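Colleague: heads up, no residue letters with this:
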């Protein structure tokens, strides 16, 4: 783990990168990292995020400036800009079930090739996928998903990069922190080693590449 | 969740049942539940447990009295009785890789039909299994595993059945607590609701069927 | 009583002690207001919480404690939080006893469409497909008709949410189940006749001898 | 210096700053005693811990804090505990930078057999197959020969641990790597000649022009 400035952290992300961003409707999203992505005008991003949040909030900021060209997510209904950009074919969007979304990312982070899920069998989601029966029940093979970068928001981070999350801001953050080549973290509080008890660490420090120092 | 006595908890398990038991070399194993399984002489058990522990300890107690007829686990090398019973064909044992073992149980608990793992490709473990390529890499399809009962050891349980685990005694317990029809829990400490903070609950109360009252 | 209240109150009667319940956005959310006195159930919010409580009092909201719509909620004593993999493990794994969802169409066989109107509304399915595939029991709470058009159709022409049929649909006019895969009228809303239900129901629907009125 | 010490000291030189390392039971465990001064690495114990420390002082052991063999250990400041799904997610997912394992046989192509002797010893593979399949780098630490018989064989006749070749084998006589899938002698142990290594090595092994002695 390396402690870096906000500017340095985002500078490592090239245009065209795939980025996973934690958060659920903007809750638990690393807002400072997104503000800096906007400021550094990173473009042609492939975004992997549960939803498109709302304009001006969370990953919604990336749609405000048309910085996203492709998105994989589960729901974009509360961001009219993302909807417009999709319907206007400025961006392509793969909408997938939320349980499938998180399992694909988990598989990517845990070295699994994919999982078999009953979700989506017999629906549009099945198109182009392999159906596999196990014990007389039908499942879809959903393959692993990884990204170049994961942008993660923690509640507490210690000096060694151990992370914990608070309340419903945990959501996709710990899963994404395992599924990217480079993991960049901002935290509401950076605290001495030992403040987070071993049993309460949700993301162990060795998973973190960059921890953004607080201002 | 229902609070019950030790005797009542084990009385619900019929002979011939499949039981998942938490613990790793006897650490994090619900010893009181095992003692009561021995006392009530439950027989013909199908045991799903990481290892066979050692004679007189953890699930090792079940081999002392020859109560197990089938086992699925990852390692029995430190229990000579289990080894003898396997080599003497008194019990059948499926030995599978530990990462595969825990993912199969997790799949069972999470409604997945199975997972694709690279582990075991090109080894004896591949026998009888489907090999599936994803992105040019070979994986084995490993199917979900569930049991009639999960026997779980928590460190803290609150009155509502919320559980947390300590240090290396967590191991398979939270995963198994999701993968059985009936979940029976013993805890080192039973505490009032609220003592375990929401962010520190590792197994939510609604997953627990029986919590054994302390003596 | 307005349509939404009728629906929410009737659905609340389906709650059983100790149930783990997931409520969708819209009418389903209102069900939490009508939990029968003395009945204890757990509400799950799929963004990572069991034990959701009512909207917090003035000044008590926390930005990191919200429902799946991003709106502030409270947590009850004994609440538990978790990540999204766990949340959907609970949902897909059959640990959620009951989910209540909104609907665009329910057909005669109990199939639900509730996430997409091709060419028009494509917000994404969010957690709906997992909920319908995985919850032990699925109830749809919706208006019986929209703009005079029945939402209980012969066959869904909108994309399905799941191949798995739902268990019950509760509307402002009726309660309908699907025993043996066939829509069957169980109850009518107060003051609504069977003929009135049939008049705004496109699906073929079985009418048992005894169809009581909802007791709200 | 005895055989085990030679092996453990030499393997310890392979540690890099910040590495997440998993040590198997036996000789590999000894590697932790020879971490170069000033080098910070993390040790994972696959039963659910990053940050394992030495055996606790008298009276400080806790029964719920053990290594994968069930023996008491300590935890260093900054340690993290987790369940087995996470532990093997770390291993299989390539988050473990280095694993050091014992071996029964390593063959000329770098394939490892270390979990079973058919008809004789069938303890089970535990976590070994996942570690060899998933860790970024795999080092086998073992005696070069057992009862006069080479453990570096032409082709494993014991069941393989993984189809994936290992990266390095360190014995009491030699360091061997597998560039291009062929066993290649990198170093000899102090006082051991190349001829002595070849005499107890069944596998065909390439000998580069320069084969230095281990610096221990």
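Modeller: Ah, there it is. No experiment lies behind these values; they were computed from the predicted model shown.
Colleague: Show me which residues of chain C sit near chain B.
Modeller: Applying Cβ under 8 Å from any Cβ of the partner chain, one finds that chain C approaches chain B through C:18, C:20, C:42, C:49-51, C:75, C:77-82, C:85, C:88-95, C:133-134. C-beta: built from backbone N, CA, C; applies to glycine.
Colleague: residue with max distance from the center of chain C?
Modeller: residue C:59 (30.7 Å; Cα atoms, centre = their mean).
Colleague: Mind listing what's buried along the helix or strand bottoming out on mean pLDDT in chain A?
Modeller: Sorting the helices and strands of chain A by mean pLDDT, DSSP states H and E puts helix A:80-87 at the bottom, at a mean of 94. For helix A:80-87, the buried set under the neighbour-count rule, 16 or more other Cβ atoms under 10 Å in any protein chain shown, comprises A:81-83, A:85-86.
Colleague: closest to chain D among those residues?
Modeller: Compare each of the buried residues of helix A:80-87 with chain D using Cβ to the nearest Cβ and the shortest gap goes to residue A:82, at 30.3 Å.
Colleague: all helices for the chain, in order.
Modeller: Using chain A here. Secondary structure of chain A, counting by DSSP state H: helices at A:6-11, A:31-39, A:60-64, A:80-87, A:98-110, A:173-176.
Colleague: try chain C instead
Modeller: Ranges of helices in chain C, per DSSP H, are C:3-12, C:27-30, C:84-92, C:128-134, C:194-199.
Colleague: Could you list the buried residues of the last one?
Modeller: Yep, that's helix C:194-199 we're talking about. Neighbour-count burial for helix C:194-199 flags residue C:197 (criterion: 16+ other Cβ under 10 Å).
Colleague: which residues does the closest residue to residue A:92 other than its chain neighbours contact?
Modeller: Nearest residue to residue A:92 in three dimensions, chain neighbours excluded: residue A:70, at 5.0 Å (Cβ to Cβ, 6 or more residues apart in numbering or on different chains). Applying Cβ atoms under 8 Å, 6 or more residues apart in numbering or on different chains to residue A:70 gives the contacts A:46-47, A:91-94.
Colleague: hmm, 10 Å instead?
Modeller: Contact analysis of residue A:70 by Cβ atoms under 10 Å, 6 or more residues apart in numbering or on different chains lists A:18, A:44-48, A:91-94.
Colleague: low-scoring stretches of chain C, by residue?
Modeller: Across chain C, nothing is flagged by pLDDT under 70.
Colleague: Let me see the ranges of the strands in it.
Modeller: Along chain C, counting by DSSP state E, strands occupy C:20-23, C:42-45, C:49-53, C:74-81, C:98-101, C:105-107, C:112-113, C:137-141, C:145-146, C:149-150, C:152-153, C:168-170, C:174-177, C:184-188.
Colleague: can you check chain A too?
Modeller: For chain A, the strands defined by DSSP E cover A:2-4, A:18-21, A:45-48, A:68-73, A:92-95, A:114-117, A:131-134, A:137-143, A:147-158, A:163-164, A:180-191, A:210-212.
Colleague: Backbone torsions only: list them for the residue lying closest to residue C:142 once chain neighbours are set aside.
Modeller: Of all residues not flanking residue C:142 in the chain, residue C:103 sits nearest, at 4.2 Å (Cβ to Cβ, 6+ apart). Per-residue torsions, residue C:103: phi -140, psi 150 (degrees, to the nearest 10).
Colleague: can you count the residues close to residue C:103?
Modeller: A count of neighbours around residue C:103, defined by other Cβ atoms under 10 Å in any protein chain shown, yields 27.
Colleague: Isn't it up against residue C:7?
Modeller: No. Residue C:103 is beyond contact range of residue C:7, at 11.1 Å (criterion: Cβ atoms under 10 Å).
Colleague: Mutual contacts of the two, please.
Modeller: Contact criterion Cβ under 10 Å, 6+ apart; residues bridging residue C:103 and residue C:7 by contacting each: C:27-28, C:140-143, C:169, C:171.
Colleague: Out of those residues, who's the most crowded?
Modeller: residue C:140 (31 neighbours).
Colleague: For chain C, what lies in contact range of chain D?
Modeller: Counting by Cβ under 10 Å from any Cβ of the partner chain, chain C comes close to chain D at residue C:85.
Colleague: so which residue of chain C comes closest to chain D?
Modeller: Counting by Cβ to the nearest Cβ, chain C gets nearest to chain D through residue C:85 (9.4 Å).
Colleague: give me every residue that touches that residue.
Modeller: Residues near residue C:85 by Cβ under 10 Å, 6+ apart: A:99, A:102-103, A:105-106, A:109-110, A:171-172, A:174-175, B:106, B:110, C:48, D:85.
Colleague: closest to residue D:191 among those residues?
Modeller: Distances from residue D:191 to the contacts of residue C:85, taken as Cβ to Cβ, are shortest for residue A:110 (45.2 Å).
Colleague: While we're on the closest one, how confident is the model there?
Modeller: As predicted, residue A:110 sits at a pLDDT of 98.
Colleague: Burial check on it, number of neighbours?
Modeller: Residues lying near residue A:110 (other Cβ under 10 Å) number 28.
Colleague: ok, now which ones touch the residue nearest to it when sequence neighbours are not counted?
Modeller: Distance criterion Cβ to Cβ, 6+ apart; nearest residue to residue A:110, sequence neighbours excluded, is residue D:89 at 3.5 Å. By Cβ under 10 Å, 6+ apart, the contact list for residue D:89 reads A:106-107, A:109-112, A:175, A:178-179, B:99, B:102-103, B:106, D:82-83, D:95, D:130, D:134.
Colleague: Could you rerun that using 7 Å?
Modeller: A:109-110, A:178 (Cβ atoms under 7 Å, 6 or more residues apart in numbering or on different chains).
Colleague: With residue C:66 instead?
Modeller: The contact partners of residue C:66, by Cβ under 7 Å, 6+ apart, come to A:27, A:168, C:47, C:72-73.
Colleague: what's the distance between the closest residue to residue C:212 other than its chain neighbours and residue C:138?
Modeller: Among residues not flanking residue C:212 along the chain, residue C:187 sits closest, at 5.6 Å (Cβ to Cβ, 6+ apart). The spacing between residue C:187 and residue C:138, counted by Cβ to Cβ, to the nearest Å, is 18 Å.
Colleague: try residue C:200
Modeller: 23 Å.
Colleague: Those two: which is more packed in?
Modeller: residue C:138 (25 against 17).
Colleague: who's in contact with that one?
Modeller: So residue C:138 contacts C:99, C:101, C:132, C:166-167 (Cβ under 7 Å, 6+ apart).
Colleague: how many neighbours does the closest residue to it other than its chain neighbours have?
Modeller: Nearest non-adjacent residue to residue C:138, counting by Cβ to Cβ, 6+ apart: residue C:166, 4.3 Å away. Residue C:166 has 26 neighbours, counted by other Cβ under 10 Å.
Colleague: Distance check, residue C:166 against residue C:98.
Modeller: 11 Å.
Colleague: Give me the common contacts of these two.
Modeller: Overlap between the contact sets of residue C:166 and residue C:98, as judged by Cβ under 7 Å, 6+ apart, is given by residue C:139.
Colleague: Distance of the residue sitting furthest away from the middle of chain A relative to residue B:143?
Modeller: Distance from the centre of chain A peaks at residue A:136, with 34.1 Å (Cα atoms, centre = their mean). Separation of residue A:136 from residue B:143 (Cβ to Cβ) stands at 12 Å.
Colleague: Check residue C:22 too.
Modeller: Taken as Cβ to Cβ, the span from residue C:22 to residue B:143 is 27 Å.
Colleague: That's all I had, so thanks and see you.
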